[in-house]
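A.B. asks: Coordinates only, no sequence provided:
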């Protein structure tokens, strides 16, 4: 893969090193692939495995009030001013002051085009990298990662934190099947008594008794074993039971969810909002070995009061939480193996409607992406004077998804088979945006 | 864009000297790609027939390009070209911007056609076009479009015919099982309002509904991809779509098709399709599987061990039929189906306070209708033509309503009286449907169309439905049926207080503040006549809406309800999803759907008759065990699909197996209520809201049957293994574990205990291997644990085998 040479800390390379070392050592020591995988699994994020945090801005973030301001556009300029960042020449919205100080860490994509100007399918396109078709439901990127990457025992590979959802469509494992769906945590991490009910430890039962129950259950659970039923839900439940048993026996995931283990200062840095605490939680989960955390943060469908909503409600917690996450990951040396991606499903219209809102706009939108070898402090793509059309370095949501997977070491051209045997590429029409890694 | 003509094997074609016409069935049908095949007098194209569809075929009027709401780069076309007037206006208008440089210019230059931007842009002739080259000089499309401009870009709405019908031929394509590649060329014929027909193959776009089975080229050539099964090809032209069924039979299943003695005509129609596809049906299921399946599916309840024993011991040949009849007469039938209908009608509160308590009245209303087996057309009338007075005087209504309100909000605080005694349930009409707090007319129109007609008109709220004929005008004028009444206070004031409400229809000035919308879009039947609204006449326009729905000729009403029930029982609708009837999503077995609908109408919309038809069919009673030809079949009902128990059914089953009860705060639910009969979505902190949520109970906030989820997830596995709720129920000292331990205390009782536990949890007896494993477990645990604890282990295990959650 071409980008490997650019990547400062690439999983693919280090994995290959490992393998080479393993095979050499293996001659005398019997050190094989299985051992390696086990070591990696035990090591969690310290291994070559990478992880992703996707912050999905449900509703469609206005590019014109965030990453791609057009102060000279006259009537459509809007109310906000651009400010300088810690990267010379790169300006972003004045209501993103904290992100302005982290600009050296992320890449701004201003030239994303061809999004679908509709919430449901638009979201599916951005998050799966495939334009929705009637005949097949494509998997969310989290499900793809869940399929491609194992987590340490007792750690679910894909966790979804629906901070606030406004879209009726939610992430789906699509043709990969429910087994690769997310572990969804509905509880609010900013609540004083935050704890995840599903993860409460087994009380009042010895490990021996628990094991006896499991053993009896496995002996009795024979009904659907002997025939291939091709039943997605049933196969999913098998996998979930296996994961659930691991979770019951391990304190690791529970500890990851214990936000009180973080200092008050750290929690303040992320912001005490639901999103801020969810982002802090995402970092803890990735540390524990979760491979993909998705956060849905809704409310960006600003057909009315775009400016007031952006300024008062939407941008501040997002700016604070995202900036804290980038800085925190960087301080911990985790940014090199953690992809951070923030995107809505579309941009918003350059024209301002009668309700001081902006409507759906698929022709141009912005995204932010960082980590995993993506070069920070750069802008890729540009729109015209109104922010209406992409005029330089265009890319599509499919290209960005392909690039995100690429950064994680997953070739987007890999083929899966649907339950009926149809071959499909992970991302059908995408190309890796090489500039991101340059 | 030049295309080579595919061979068309199935219709005789003769190309005449001037290359204008093809002959089929003795009739001449024009093919535009032939008519403009060469330079010369192709003649004046029609805007409707030729130009507008050309824009769709070239991708110009799609949502990504000029079909977007705001157009693209200042130029807007109606989505898929459904609005000819708008398109003509836009095409012949000046550009907004200075394009390419200079002052705004006309897109169509009648004086100098070749200078027209509308021509130069898609040609990329000296101007930039973001969409790239969409038209090639010298192509027939180019000649056609240019001829139209040369002729002065004519369009007259009054005289130009409109598209009436689109046909895709052949309507059925059977792919040979042996040859993977035997391309078939499709042909699309359009018929217009003036009777003229056009071969529009070259102007149509094509897509396959399952690209594992078949793919279709841009020119309409179909080739097999190897997978077996069936699907549809969808062709679009103008604003219409047409479909062709594709059958890819499994060669292994074509020979030696097994004997399939029909229980009723359902089976014959299912078998006819299976035979065509070489999908062989599974065997009929055994009695134990039937027993659990029919209890769970029809009444949402597990059979008790006694009921299971009785049925399994019964030797009468018609015992299944008898059981079906008995179940449909049980109170759980009405309770469970009232809950299902609460989902389908969006029972999530109303104007009364407390909001959630209204859900109980709503649910009561359905319970009463299902108990009395009110014919479905009458039930629908009770909703569509609801009123509060129902012929009562205002005083009578006020008295009754206040009595209901008082029971719901007891002033003396007596909790046992805090739910209605059935007075509301017995009412003829469900006025609450019209009084949802968030139920604006648009939402009601969308929900009504979805619930009773199975169609999603919500697309048409913003743009023409992409796969059906519904336009924004259709949406607005249909919605007006739901604008002509209002919720009023009993003293006539505008804002009802929380008790003294009533729903008023046919009253001048009561328009929910939408009088202008009603004036602009008078109530109009979907695809039918304008009913209009004249308050002075005293005529309720909704009456006509209901008549149209319940008319035996209505293409949706009966089909939609039979399909909903079918979808419930099989896990897959004949049209699937069950609430998405549209031209691009045809039924997998139209003959079956039509027959069921006709039979339902002939039996006077008798719901229990419909349940019996389905449940007594051999098809519904097939085993879940697949064979090699039907393993992947999901569309043709060749074998039973394992179904995860729905949330409420699961929870009741958990209560039954553990022998425990759920108590609710009297504020939220009446005493003794079953989970399957929970009307409200809010249950208070004591209620099982967590369990119901993680098992996919809907909040009833969306107008989509997809809101309920019967999928599985990690949270469910963790709940079943370890949640305090389930552990607490198993450990309950008054529960079944204790009772069973007392009833079967000794080693000699082990087999009997195993049998009882199996009947309780899985509705069947253990087989020899299972019996051995259970008794061994009981023996080895005997020394370590008290009997009660051992029984708890056993019940816990039986709740965690997949057979508990997945009904076969």
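C.D. replies: Cool, the structure landed. Everything numeric here is computed off the predicted structure, so don't read it as measured data.
A.B. asks: and the residue nearest the centre of chain A, what element?
C.D. replies: Nearest to the mean C-alpha position of chain A, by Cα atoms, centre = their mean, lies residue A:54 at 2.3 Å. Residue A:54 belongs to strand A:51-56 when assigned by DSSP states H and E.
A.B. asks: cool, and residue B:188?
C.D. replies: strand B:187-192.
A.B. asks: Give the next helix or strand downstream of that strand.
C.D. replies: strand B:197-199.
A.B. asks: residues in contact with that following strand?
C.D. replies: B:22, B:27, B:29-32, B:49, B:187-192 (Cβ atoms under 8 Å, 6 or more residues apart in numbering or on different chains). Bear in mind the C-beta positions are built from the backbone N, C-alpha and C, glycine included.
A.B. asks: Which parts of the stretch 251-400 of chain A are helices?
C.D. replies: Under the criterion DSSP state H, counting those that start in this stretch, the stretch 251-400 of chain A carries helices at the ranges A:252-256, A:264-270, A:274-288, A:306-308, A:315-331, A:397-407.
A.B. asks: for the ones you listed, which one sits closest to chain B?
C.D. replies: For the helices of the stretch 251-400 of chain A, the distance to chain B is smallest for helix A:252-256, at 10.5 Å, taking Cβ to the nearest Cβ.
A.B. asks: Centre of the chain to the closest one, how far?
C.D. replies: 20 Å (Cα atoms, centre = their mean, to the nearest Å).
A.B. asks: still on that earlier bit, which neighbours in the sheet does the strand holding residue A:54 have, and how are they oriented?
C.D. replies: Here strand A:51-56 has these sheet partners by DSSP bridges: strand A:292-297 (parallel), strand A:338-343 (parallel).
A.B. asks: Let me know the angle separating the last one from helix A:397-407.
C.D. replies: Looking back up the chat, that one is strand A:338-343. 170 degrees (axes from the mean of the first three to the mean of the last three Cα atoms, to 10 degrees).
A.B. asks: neighbours of residue B:769, just the number please.
C.D. replies: 11 (other Cβ atoms under 10 Å in any protein chain shown).
A.B. asks: interface residues of the stretch 501-650 of chain B facing chain A?
C.D. replies: The stretch 501-650 of chain B comes close to chain A at residues B:584-585, B:624-626, B:631-632, B:641-642, B:644, as judged by Cβ under 8 Å from any Cβ of the partner chain.
A.B. asks: Can you flag the buried ones in those residues?
C.D. replies: Buried members of these, counted by 16 or more other Cβ atoms under 10 Å in any protein chain shown: B:584-585, B:624-626, B:631-632, B:641-642, B:644.
A.B. asks: Mind putting those into TSV with pLDDT and secondary structure?
C.D. replies: What follows is these, written out as TSV (pLDDT from 0 to 100; DSSP: H, G, I helix; E, B strand; the rest coil):
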residue	pLDDT	secondary structure
B:584	85	coil
B:585	89	strand
B:624	97	coil
B:625	96	coil
B:626	96	coil
B:631	92	coil
B:632	90	coil
B:641	95	coil
B:642	95	coil
B:644	96	strand
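A.B. asks: biggest separation within these, which pair?
C.D. replies: B:584 and B:625 (33.9 Å; Cβ to Cβ).
A.B. asks: Out of the helices of the stretch 251-400 of chain A, which gets nearest to residue B:397?
C.D. replies: helix A:306-308 (45.1 Å).
A.B. asks: returning to that earlier point: quick check, nearest of the buried ones among the residues of the stretch 501-650 of chain B next to chain A to residue A:60?
C.D. replies: For those, with residue A:60 as the reference and Cβ to Cβ as the criterion, the closest is residue B:584, at 26.4 Å.
A.B. asks: is it true that the closest one touches residue B:242?
C.D. replies: No - Residue B:584 is not in contact with residue B:242 according to Cβ atoms under 8 Å; the separation is 9.1 Å.
A.B. asks: what is in contact with those two at once?
C.D. replies: Common neighbours of residue B:584 and residue B:242 (Cβ under 8 Å, 6+ apart) are residue B:234.
A.B. asks: where does the stretch 201-350 of chain B come near chain A, residue by residue?
C.D. replies: Counting by Cβ under 8 Å from any Cβ, the stretch 201-350 of chain B sits next to chain A at B:207-212, B:225-227, B:229, B:231, B:234.
A.B. asks: With the stretch 701-808 of chain B instead?
C.D. replies: Contact residues, the stretch 701-808 of chain B versus chain A (Cβ under 8 Å from any Cβ): B:702, B:704, B:710-719, B:721-724, B:727, B:769-770, B:773-774, B:777, B:781, B:793-794, B:796-798, B:800-803, B:805-806, B:808.
A.B. asks: Taking these, please make a PyMOL selection of just the buried ones.
C.D. replies: Of those, the buried ones can be selected in PyMOL as follows, counting by 16+ other Cβ under 10 Å:
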select buried, chain B and resi 704+711+712+713+714+715+716+717+718+719+721+722+723+727+770+773+774+777+781+793+794+796+797+798+800+801+802+803+805+806+808
